[in-house]
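Engineer: Output the structure for:
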Amino acid sequence: MRGLYARWIDRWERNLASRDTGRLTRPFEWGSEWLELLGMPPLPQPLPVDPSGPVGGFLKSALADSEAFYAYPPVTDYAFRNGRLTFPSPAPSGIALNDEVHALWFPAPRDQGRALVVLPQWNSDADGHVGLAKLLNRFGISVLRLTLAYHAERMPPQLGRADYHVSSNIGRTIHACRQSVVDTRACLDWLESRGYRRLGILGTSLGSCVAFIATAHDARVRSAIFNHVSMYFSDVVWTGLSTQHVRQGLEQGVNQDDLRRYWSVISPASFLNRLQGRNLRSLLVWARHDTSFLPVYSKQLIEGYRALNLPHEVFRLPCAHYTTGEFPFNLMDGLAMSRFAAKTL
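Structural biologist: Here you go, the predicted structure:
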């Protein structure tokens, strides 16, 4: 039986979650057209009743050569003005607003060449993690805060939420995650061009998954902070409080095991071995009472680190997911991450 504190956190968590009234259950879609943008051979028309075979085959091959899957052409036309960096995404979606990447620059005095790319959570607004960036500045670390695909300035006008980044469309979700990963790596390129060599990544929730995959495919990252963690992208979507509307759409076409297989190419579990032998330190943050990133899945990732003897630290928050953004937990979280970054960069 849960104690009084756990029940109090759960009530608070569910109250915060219920404030978002814009969630829509969208129909299940394979999204083959999005996978074709990533190199999958076009499916015959009319579309087969069950395209799971060719879709699964393409994703299996993408996973087997993830180095190629997450490769990208270098950006040649960065624009920087008044603290804002913009550039065309190296992994375009064909949606003009989404394909212009935005990032805010927060330089720290005497940063000694230390900089973090910071990735906020799913459905973060344009001010997401600005406070965290300023806190990191106090620890002598400069910050480039990236707007993820389909968020804030990049959100198409027909959307009220960043539904295109995480949805019941298999292919579009993969494309969106890859786009955010590639955009993150392009941000590292920009920092490197400005003379930064002590580079790190910090991601929260959805941003944590994107940050992990970018880290796994970019050896320049020497400090990685994953704020809320899980082995599989799909398990969070299938079981989390904040994504039950997405699961309702997915259930029309797949089960949890199917989804884990299809979305392996955007899951940390697939790339843990790529961290071996690296000059990399990781901080894994999880929340004891999380109902979005269930603790069982967070512990799986931690055990994966231990099994491979990967250098890491663990910080456990005494709250849940939404409550991480509330005082005093936001301060606890921010200080733990800032201290780790200052120590390891």
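
Engineer: quick check, residue 117 in a helix?
Structural biologist: No: applying DSSP: H, G, I helix; E, B strand; the rest coil, one finds residue 117 to be strand, outside a helix.

Engineer: Run through the residues that contact the spatially closest residue to it that is not a sequence neighbour.
Structural biologist: Leaving aside its sequence neighbours, residue 117 sits nearest to residue 187 (C-beta to C-beta, 6 or more residues apart in numbering; 4.7 Å). All C-beta spots, glycine's among them, are computed from the backbone N, C-alpha and C. Applying C-beta atoms under 8 Å, 6 or more residues apart in numbering, one finds that residue 187 lies in contact with 85, 103, 117, 144, 146.

Engineer: Give me the neighbour count for the second one.
Structural biologist: If I follow you right, that is residue 103. Other residues lying near residue 103 total 24 when counted by other C-beta atoms under 10 Å.

Engineer: That one: what's it in contact with?
Structural biologist: Residue 103 neighbours (C-beta under 8 Å, 6+ apart): 84-86, 117, 144-147, 187.

Engineer: Next, give me the two most distant ones among the contacts of residue 187.
Structural biologist: Based on C-beta to C-beta, the longest span within those runs between 85 and 117 and measures 10.8 Å.

Engineer: who has more neighbours, these two?
Structural biologist: Legend: neighbour count by other C-beta under 10 Å for residue 85 and residue 117, higher for residue 117 (28 against 20).

Engineer: Report how many residues lie close to residue 40.
Structural biologist: The burial count for residue 40: 19, using other C-beta under 10 Å.

Engineer: Are we agreed that it is in a helix?
Structural biologist: No: remark: residue 40 does not belong to a helix; assigned using three-state DSSP, it is coil.

Engineer: From what I see, it and residue 30 are in contact.
Structural biologist: No: in this structure residue 40 lies outside contact range of residue 30 using C-beta atoms under 8 Å: 10.5 Å.

Engineer: re earlier: any common contacting residues for residue 85 and residue 117?
Structural biologist: 103, 144, 187.

Engineer: With respect to residue 60, which of these is nearest?
Structural biologist: Of all these, residue 60 sits closest to residue 187, with 29.5 Å by C-beta to C-beta.

Engineer: follow-up on the earlier one: overlap in contacts, residue 40 and residue 30.
Structural biologist: residue 55.

Engineer: Give me the distance between residue 254 and residue 56.
Structural biologist: Using C-beta to C-beta, to the nearest Å, we find residue 254 at a distance of 11 Å from residue 56.

Engineer: now swap in residue 236 and tell me
Structural biologist: 21 Å.

Engineer: Looking at the two now, which is surrounded by more residues?
Structural biologist: With neighbours defined as other C-beta under 10 Å, residue 236 and residue 56 compare such that residue 236 has more, 28 against 13.

Engineer: Per-residue confidence, the nearest residue to that one once chain neighbours are set aside, what does it come out as?
Structural biologist: Nearest residue to residue 236 in three dimensions, chain neighbours excluded: residue 230, at 4.9 Å (C-beta to C-beta, 6+ apart). Among the per-residue scores, residue 230 holds a pLDDT of 97.

Engineer: right, and residue 230 touches residue 297 too?
Structural biologist: Yes: when contacts are counted by C-beta under 8 Å, residue 230 is listed as touching residue 297 (4.1 Å).

Engineer: Mind telling me what element residue 315 is part of?
Structural biologist: Assigned by DSSP states H and E, residue 315 belongs to strand 312-317.

Engineer: Show residues contacting that strand.
Structural biologist: Against strand 312-317 from outside (C-beta under 8 Å, 6+ apart): 281-288, 302, 305, 324, 329, 332-333, 336-337, 340.

Engineer: how about a cut-off of 7 Å?
Structural biologist: When contacts are defined by C-beta atoms under 7 Å, 6 or more residues apart in numbering, strand 312-317 is touched by residues 281-288, 302, 305, 324, 329, 332-333, 336, 340.

Engineer: after that strand comes which helix or strand?
Structural biologist: In N-to-C order, the element after strand 312-317 by DSSP H and E is helix 329-344.

Engineer: What segments of the stretch 201-345 of the chain are helices?
Structural biologist: Chain-ordered helices for the stretch 201-345 of the chain, with DSSP state H, counting those that start in this stretch as the definition, fall at 206-216, 233-239, 244-250, 256-262, 295-307, 329-344.

Engineer: most tightly surrounded among those helices?
Structural biologist: helix 206-216 (a mean of 27; mean count of other C-beta atoms under 10 Å).

Engineer: what helix or strand does the residue lying closest to residue 37 once chain neighbours are set aside sit in?
Structural biologist: What sits nearest to residue 37 in space, not counting adjacent residues and going by C-beta to C-beta, 6+ apart, is residue 175, at 6.2 Å. Using DSSP H and E, the element containing residue 175 is helix 170-193.

Engineer: okay, the angle between that helix and helix 206-216?
Structural biologist: Inter-element angle recorded for helix 170-193 and helix 206-216: 60 degrees (by axes from the mean of the first three to the mean of the last three C-alpha atoms, to 10 degrees).
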